[in-house]
Every structure is written in structure tokens, then in C-alpha cells.
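Colleague: Sequence first, predicted coordinates after that:
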Amino acid sequence: MALWVWVSLISASAAPFPAWLPEGQFEQVKKQAATTYRPFLVYFFHEADRDSRRMNRQTLEDANLALYIREHYLAIRTDVLAENAQVEIIQQYSVYNFPAVLIFSPEGKLMGRTEGYVSSETLQGILAKHHGRIDPTHLLPQIALVQPEEVVAMAEPRGTARGGANGDTPIKVTDLQTPAGMTARDGSLTPLHLTVSGFEDYSLTRLERTEDNAAVFGLLYGSYTQADKLTTHLDRLKKFWRGHIWIFCEEISGTLVYRLALGQYEDRETAEVFAESIQKLEKVSCQVLVLSQLR
């Protein structure tokens, strides 16, 4: 009786989960992954476990991890102590140490797992490694957009004013050349800005058009909600990258999400070759984009 009351009190005080990690059923997300050809992860936890509570409050609240997962994975969570716990999945994959993250390919095959607490940086590195094993010729070339309420929450952490000591320095948009919109995986549209103040040399307005208006491909290297991190990654990238670099942004509910893209390739096959090279050199899994469709 005392144990039940203790567990109930812990569950009642549990922090809310981010919108990108909903409760879900394994078979449903497996089917969705096969349809969209995206890998997926399942997060197993219970609030009575200290490491689970720590991971819920620290790792899962990291903004960069959230952006990465939204762009590269489907994700669900399951509380192993809940009445609707997916016991058959827990038994099938021998999930007995918590918290645990199981990583699956788009075909539903187990690619990897973590057990116990892991930091956001470690988890993102593991996810990137497994994402790099997926055949890129099947991946959708669209950018997965963050939901407005998530961007605001990530750009303005609790107790910190925007533009304060956390280094989240806003970047102003000076060239509001906004196409009709860019289709996200959920079918919604979002304004796209081709030029960002301070990064005019990397504007998509400089993208060279082909005579026959053929598609021009590139690679999505990273997404950022903080200007400082964008600048840091850009400076490091320029030390070894000699090709085109593009910086553009999406404005969602007044907040900007910055995208860093590379290259200007005539076909998808060439872009994939460079993506593989970057994966080996930088351990970064790049997504193929049709740059000419963003203009």
C-alpha cells in the first residue's frame, strides 16, 4: 500500500513530456515508419525510477536533440508501469533496465538501444550513427518543421529572458523574400526567408539557376534555434568545406529556426556521395534537399 501511494505521488508530480514524444502504440508507429520511410525510436521509462526522472527532465528537454529527432525520426514513449503498458514489446525486446531507448529502421528492424541515463549529446550521437546506416535514396527530401509552441519553448527556456545569458541571440531577417510556403510532412506551410542578417553571403538568392530549370540538390547539415551555435558550427565547417554553404530560416510564431545547407549538385546521386563523406568525416547525418524548390 505504501509503495503504491509513493509511486502515485511521483507520477502525479511528473513533468510534462515534449510534444515530439507522444504516447503511442508500437504497431502504429511501425506502420507509419514503413509508409514514410523514416526510422523510429521507442522510449521506455517509469517515474519511480531515478534515472528515468533524470532523463525526462534533462535529456528530453534539450532543444537541439528535439530538433534532430523531429527532422530524422518518429518517436513514441511508453510508461512500463501504466495500465496500457505494451508488455509484449517489453518482453519481445527484453527491456528490463530503465530508462531505455530502442532504435528501429524504417522496416521495423532493431538497429540499436540504450539502457540507463544518457545525456542529450550522447543520445543524439547514437541516433545520428544509426540514421547514417539507412539507405538515403529512400529518404524524403522534405524538411520536418517544428511546431510553433515547441519553437517558442525551446527558444525561451524557463526563467531566462530571450536574448539573455543563455546565448539565444535573435537573428533579424532583412530580406523577406518569402515563397508561397514549403510543404512539411504534415502538409502545413511555413514562411521561408532566404536571407538572414549577418549571413548575406550564404543567401539562397545566390543559388544559380540552370538553363533548363532542372532540380538543384543540396544537403541539410544542421538546424539551430541559437545564433551562437549556428556561428560556431559555420566557422568549424569552413575549415574543411570548400563547396557552397547556404543559410536560410523559417519563421514560426515569430521565432526563427535557422537551417544550414551545403552544396549545389545536379543530381541526387552526387549529393548522396557527399553526404556519405560528411558522415564519415564529421559524424553528421545530412538530409538531401531540393534547393531549387526552396526559392
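Modeller: Received, thanks. Residues are numbered from 1 along each chain as shown.
Colleague: now the helices for the chain?
Modeller: In the chain, helices defined by DSSP state H lie at 2-12, 26-36, 50-57, 63-72, 87-92, 120-131, 148-155, 227-237, 268-282, listed in chain order.
Colleague: Tell me where the model's unsure across the stretch 51-200 of the chain.
Modeller: Low-confidence segments of the stretch 51-200 of the chain (pLDDT under 70): 135-191.
Colleague: For it, just list every one of the strands.
Modeller: 74-79, 100-104, 110-115, 192-193 (DSSP state E, counting those that start in this stretch).
Colleague: Just checking: what are the partner strands of the third one?
Modeller: By that I understand strand 110-115. Strand pairing for strand 110-115, using DSSP bridges, gives strand 100-104 (antiparallel).
Colleague: Same question for the shortest one.
Modeller: Looking at strand 192-193 with DSSP bridges, its partner strands are strand 245-252 (antiparallel).
Colleague: CA atoms of the strand it pairs with as CSV?
Modeller: C-alpha atoms of strand 245-252 as CSV (Å, rounded to 0.1, in the frame of the first residue of the first chain):
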residue,chain,number,x,y,z
ILE,A,245,27.2,27.0,-48.0
TRP,A,246,23.6,28.2,-47.6
ILE,A,247,21.8,29.7,-44.5
PHE,A,248,18.1,30.3,-44.5
CYS,A,249,15.4,30.3,-41.9
GLU,A,250,11.7,29.6,-41.2
GLU,A,251,9.7,31.9,-39.1
ILE,A,252,7.2,30.1,-36.8
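Colleague: Quick one: mean pLDDT over that strand.
Modeller: Here strand 245-252 scores 83 as its mean pLDDT.
Colleague: Could you figure out how far that strand is turned away from helix 227-237?
Modeller: 160 degrees (axes from the mean of the first three to the mean of the last three C-alpha atoms, to 10 degrees).
Colleague: Is it possible to get the helices of the chain out as CSV so that each row also shows distance to residue 108?
Modeller: The C-beta positions use only the backbone N, C-alpha and C, and glycine is treated the same way. Output for those, formatted as CSV (distance: least, C-beta to C-beta, whole Å):
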stretch, distance to residue 108
helix 2-12, 30
helix 26-36, 5
helix 50-57, 24
helix 63-72, 17
helix 87-92, 12
helix 120-131, 14
helix 148-155, 27
helix 227-237, 33
helix 268-282, 23
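Colleague: Excluding chain neighbours, give the residue nearest to the most centrally placed residue in the chain in space.
Modeller: Central residue of the chain (C-alpha atoms, centre = their mean): residue 68, 1.9 Å from the mean position. Nearest non-adjacent residue to residue 68, counting by C-beta to C-beta, 6 or more residues apart in numbering: residue 124, 5.3 Å away.
Colleague: I'd assumed residue 64 was in contact with that neighbour.
Modeller: Yes - Residue 124 is in contact with residue 64 according to C-beta atoms under 8 Å; the separation is 6.9 Å.
Colleague: the more surrounded of the two?
Modeller: residue 124 (20 against 17; other C-beta atoms under 10 Å).
Colleague: Pull up the gap between that one and residue 43, please.
Modeller: Look at residue 124 and residue 43: by C-beta to C-beta, to the nearest Å, they are 14 Å apart.
Colleague: One more: residue 206?
Modeller: Counting by C-beta to C-beta - residue 206 and residue 43 are separated by 41 Å.
Colleague: repeat for residue 93
Modeller: Counting by C-beta to C-beta - residue 93 and residue 43 are separated by 13 Å.
Colleague: who has more neighbours, those two?
Modeller: Legend: neighbour count by other C-beta under 10 Å for residue 93 and residue 43, higher for residue 43 (24 against 16).
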